[in-house]
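Enquirer: please find the sequence and the predicted model below.
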Amino acid sequence: VYVTEDLKYIFSGHILDTEKKTSITEPAIKLLQERDVERQAKAAVAMRDSIKTMLVANQDNFIKEVKGTGKDILYMVTDAECGFCKAMDKNLEQLTDITIYRIPVAFLGPKSEQIANAALCAKDRLETWKNLTTKKVSIDKDAACASPLEANGALMASWKVRSTPTLFRADGERWSEGLISAEITKIFLAQGAYAAAQAKGKNVPSK
């Protein structure tokens, strides 16, 4: 878009050099596009660093499970009423030497909220969460506390997380493309989301 100095006239479109048969505008557009890609890349890195910091800062609001040495770290945004989350949990059972932080949210309504609050207020969060999401166990309504569920929801909203399961690596990189096998999860943890997406496209089986 071209504007005269007095702001009286605005011209939108390409200025063409008829002798050289080229667009005088095209180089400027390419430069702006390159700057925009660079800006988005910097913003993505900054966002990831911020997510990494906030995940660590809010670990007390999550449900922690340590398997083996716990050397790998995975965060999973989960909803008690989410079928894909329950399937993802089964895939995570196949992993060893991993620390899993489940981040309960209540995207799917009052039942999700009741279960999440009951688990987050329980003495043994992990056992209660697993019992309530996999077995027909009644919710302990007496287990009331200042539940961090609302804080979890606000944190996910700030990152525009709208679906479950959503996974995060320790460095803040996310996987929000739904259910993945244990084998793809390993690739995500080791190499990141791009490598996991490539492997998923090749139908890498879960061992």
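Expert: That came through, no problem.

Enquirer: can you name the element that comes right after the helix or strand of the chain with the lowest mean pLDDT?
Expert: Taking mean pLDDT, DSSP states H and E as the measure, the helix or strand of the chain with the lowest value is helix 26-57, at a mean of 80. The first helix or strand that comes after helix 26-57 along the chain, using DSSP states H and E, is strand 63-67.

Enquirer: so which residues of the chain form strands?
Expert: In the chain, the segments counted as strands under DSSP state E are 2-3, 10-11, 16-17, 22-23, 63-67, 72-79, 98-105, 166-169, 174-175.

Enquirer: I'd like those strands laid out as JSON lines, including mean pLDDT.
Expert: Converted to JSON lines, the strands of the chain look like this (pLDDT from 0 to 100):
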{"stretch": "strand 2-3", "mean pLDDT": "90"}
{"stretch": "strand 10-11", "mean pLDDT": "90"}
{"stretch": "strand 16-17", "mean pLDDT": "88"}
{"stretch": "strand 22-23", "mean pLDDT": "88"}
{"stretch": "strand 63-67", "mean pLDDT": "98"}
{"stretch": "strand 72-79", "mean pLDDT": "98"}
{"stretch": "strand 98-105", "mean pLDDT": "98"}
{"stretch": "strand 166-169", "mean pLDDT": "96"}
{"stretch": "strand 174-175", "mean pLDDT": "93"}
